[in-house]
Structures are given as structure tokens and as C-alpha cells.
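1. heads up, no residue letters with this:
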């Protein structure tokens, strides 16, 4: 007896060779087990059309009983898709990017898509080859995360092929590209009001254009919130000024109307705190520090949790992927998508009352 499997010897290699292999469970097997038609079983699993509740329950029970796993490659061929979402990053140096990827991947998995993630590593000369590579992979849709410059030439192939593209910020030269972003109004307003209540009247934002200038709503929200409470606001960028973060902090703190608060993107908060201490001042007794955005992946790198205008980057990534999948299956959104409820003020150890002067 051989358990139903006929073993013979492969004379080329001298080991037993199985002539019968277990047949994979098919959708027809599931339909037969559930006592429904194949089309009903398919609709119950894909959600393409509503199926009566008891029939759907029978189909899902049959799936569990038989251990059925859908053939994604075959599904993609039937739908003329690769079931792949492309994700393009300018660079991946900020831990927040990992939160975005995690959220994108979660929603892609729910919709039975995979991710193809690429990064230019901060080098715009790599854009052409990377976009061509993503196009060559025949991705079904594309997410752009913080790219620089005009992208019309790079995206022309995708546009002509009808491949949906969404972006986290508006892109020059590509009109009508849907922007999917978090509405930061509530989080910024709450943070500024809390700082004003602690007596702070001057704030300096240390920010690169990548985080503040393109999403104009962030700049506008900050302007409106500080103006409403009578707080002075200055912006400094090491990229624009050619100075290091440490040099900018020292320059600001030596000025006549020195700020009592620094606001910086998550990736630079640690450097700002070090720079403040390097000139002999304490955080938060002399100067308060606020982070914009937070990262579950980068939290361990900071010795203390900063106060933060937090944007749930995981949820933002998840919602972006959902918008892209919907664009693939039902057409792109007719207008930009502003996601509410993702930004909030979280007090932390780096903020205290403004010092008396």
C-alpha cells in the first residue's frame, strides 16, 4: 500500500517520484460543498454583488472547511490586472514613511492587492528609470509620496494607459491629479491654543518644503491659528538658508524676539532639542519643542516623547490605498480627498509654560 500515491523511481536521479499530486481546492469544490452555483460562490467571496446572508454564510463555511485559497494570478488575468499597487517615495529616511507603508499594505491586503514600493533615495535623477520600472511592472495604480519637481513627463505613460495615480500633495504640471491628504485644521488649532494658554507668544517653524510648502493647507492652518491668538510665527529652512538645524536654532535663540517654541517635523525634533541644550538652555523650562507627526517605528530613537501635532500616518496610508483601489475599480475621484479626524494635539514632556522675561 502506498496511501493512494503511485511511487516510481526516477532513473535520472535515483529517488522515488510521485506520479499523483494533491489537487488544489477550486471554487467549484467550494460551490459544491456549500450547495450553491459557482457564480454565487464567486459573488459571495468577492462582494461584487449582494448574496443572500444564509448563502454567503454557507460559502464561507465551505471555504474554511476545505481550506480554499483564491488564485490571485488567475483573478488578475480575468480582470486584466496584476493586482499590484505601485508606491513611489522620493526618499525613505523619515520613520513616518514606514507608518504610511504599513497602512498602505494593510488596505492593499484587505483588497487582495500587493505593493511594489520604490524610492529615489533623495535623487531626482533616478525618477525616469524608477517610473519606467513601475510602469513595466504593470501596476494597476500608483501612489506618489512627497516627490519633487514637475512629473508630467514621468507620468505620461500612466496617464495614457489609464492607470490611476493619486498623490499626497499637488504636483506641478499634472492638473487634475487627485490629492489624498489628512485635514490638519483641528490638530494645529488645538496645539496653538494650548501653547497660547501656557503664555507662549513666539514660535519658529523649522521645516523643509517637503513637509510644509506643498500641502498649502498646513501653512494656511498654522498662519490662521497663530494669528487668531496673536502669536509671532517665523519659518526657517536649512535647505533654503544653507544652514544646519543647530545653526538655525542658535541664530533664533540669540535674536531680540527669540521664540519660546520650536515646531519641527518628526525627523528633526531630536536635533532641535540637542541644539537648544547646546546653547545652554533647557527643554521645556526655557524653550518648548513640538513635533509635527509621529511614528510608531521611530519612537524608540527618542529619549523622551515630544509634544506632537500627531497625524495618524498608518491610517492615512490605509485610506490612500482604499482611494486608489476604488479608483482602479470604479474610476478616479472627481475631487481631492481631505480625510478628517487624523490630526490631534498630544501634550508631551517637551512643552511647558513660557518663561518669564
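-> Yes, it's here. These figures come from a predicted structure and were not determined experimentally.
2. When you work out contacts or count neighbours from here on, use the C-alpha atoms and nothing else.
-> Fine.
3. Let me see the ranges of the strands in the stretch 251-357 of the chain.
-> In the stretch 251-357 of the chain, the strands defined using DSSP state E, counting those that start in this stretch lie at 261-265, 288-292, 307-311, 337-339, 343-346.
4. so what does the third one touch, helix or strand wise?
-> Put plainly, it is strand 307-311. In terms of contacts (3 or more CA pairs under 8 Å, 6 or more residues apart in numbering; DSSP states H and E), strand 307-311 is packed against helix 185-197, strand 288-292, strand 343-346.
5. Spell out the residue ranges of the helices in this structure.
-> For the chain, the helices defined by DSSP state H occupy 27-34, 38-46, 53-66, 72-78, 96-110, 127-136, 152-160, 185-197, 209-212, 216-229, 238-241, 245-253, 266-278, 313-330.
6. wait, which of those is closest to residue 345?
-> Set against residue 345 and scored by CA to CA, the helices of the chain come closest in helix 185-197, at 5.1 Å.
7. Report the inter-axis angle for that closest one versus helix 216-229.
-> 30 degrees (axes from the mean of the first three to the mean of the last three CA atoms, to 10 degrees).
8. can you start the count at 507 instead of 1 from here on
-> Okay, using 507 as the starting number, the last item reads as helix 691-703.
9. between helix 691-703 and strand 767-771, how big is the angle?
-> Relative orientation of helix 691-703 versus strand 767-771 (the same axes, to 10 degrees): 160 degrees.
10. Go through helix 691-703 and flag the buried ones.
-> For helix 691-703, the buried set under the neighbour-count rule, 16 or more other CA atoms under 10 Å, comprises 691-699, 701-702.
11. Would you mind pulling up the elements that it packs against?
-> Going by 3+ CA pairs under 8 Å, 6+ apart, helix 691-703 lies up against helix 722-735, strand 813-817, strand 849-852.
12. The same query, at a cut-off of 10 Å, please.
-> With contacts defined as 3 or more CA pairs under 10 Å, 6 or more residues apart in numbering; DSSP states H and E, the packing partners of helix 691-703 are strand 708-712, helix 722-735, strand 794-798, strand 813-817, strand 849-852.
13. so which of these is the most packed in?
-> strand 794-798 (a mean of 26; mean count of other CA atoms under 10 Å).
14. Neighbouring strands - and their directions - for it?
-> strand 767-771 (parallel), strand 813-817 (parallel) (DSSP bridges).
15. Throw these into JSON lines and include distance to residue 726 and mean pLDDT, thanks.
-> Putting the strands paired with strand 794-798 into JSON lines (distance: least, CA to CA, whole Å; pLDDT from 0 to 100) gives the following:
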{"stretch": "strand 767-771", "distance to residue 726": "15", "mean pLDDT": "92"}
{"stretch": "strand 813-817", "distance to residue 726": "15", "mean pLDDT": "90"}
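16. mind listing what residue 653 touches?
-> 594-597, 625-626, 628, 630, 633, 673-677, 716 (CA atoms under 10 Å, 6 or more residues apart in numbering).
17. same thing with residue 739?
-> 707-711, 728-729, 732-733, 765, 767-768.
18. Domain map for the protein?
-> What automatic domain parsing lists as the domains of the chain is 513-576, 584-686+821-845, 691-817.
19. Which one of these lies nearest to residue 854?
-> When those are ranked by proximity to residue 854 (CA to CA), domain 691-817 comes first, at 3.8 Å.
20. ok so, going back, turn the buried residues of helix 691-703 into CSV, columns for distance to residue 665.
-> Formatted as CSV, the buried residues of helix 691-703 follow (distance: CA to CA, whole Å):
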residue, distance to residue 665
691, 32
692, 35
693, 35
694, 35
695, 38
696, 40
697, 40
698, 41
699, 44
701, 45
702, 47
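21. sorry, back to before: for residue 858, which of the domains of the chain is the nearest?
-> domain 691-817 (5.3 Å).
22. How far away from the center of its chain is the closest one?
-> 22 Å (CA atoms, centre = their mean, to the nearest Å).
23. same check, this time on stretch 838-847
-> Mean C-alpha position of stretch 838-847 versus that of the full chain (CA atoms, centre = their mean) differs by 15 Å.
24. what sits up against it?
-> Contacts for stretch 838-847 (CA under 10 Å, 6+ apart): 669-676, 682-693, 817-818, 821-822, 825-826, 829-833.
25. Would you list the buried entries among these?
-> 669-676, 683-693, 817-818, 821-822, 825-826, 829-831, 833.
26. pretty sure residue 752 contacts residue 742?
-> No. With contact defined as CA atoms under 10 Å, residue 752 does not reach residue 742; the gap is 11.7 Å.
27. Now do the residue at minimal distance from the centre of the chain, the pLDDT please.
-> Note on the chain: the residue nearest the mean C-alpha position is residue 606, at 2.4 Å, using CA atoms, centre = their mean. Per-residue pLDDT puts residue 606 at 94.
28. Identify the residues contacting it.
-> Applying CA under 10 Å, 6+ apart, we find residue 606 in contact with 612, 651, 801, 818-827.
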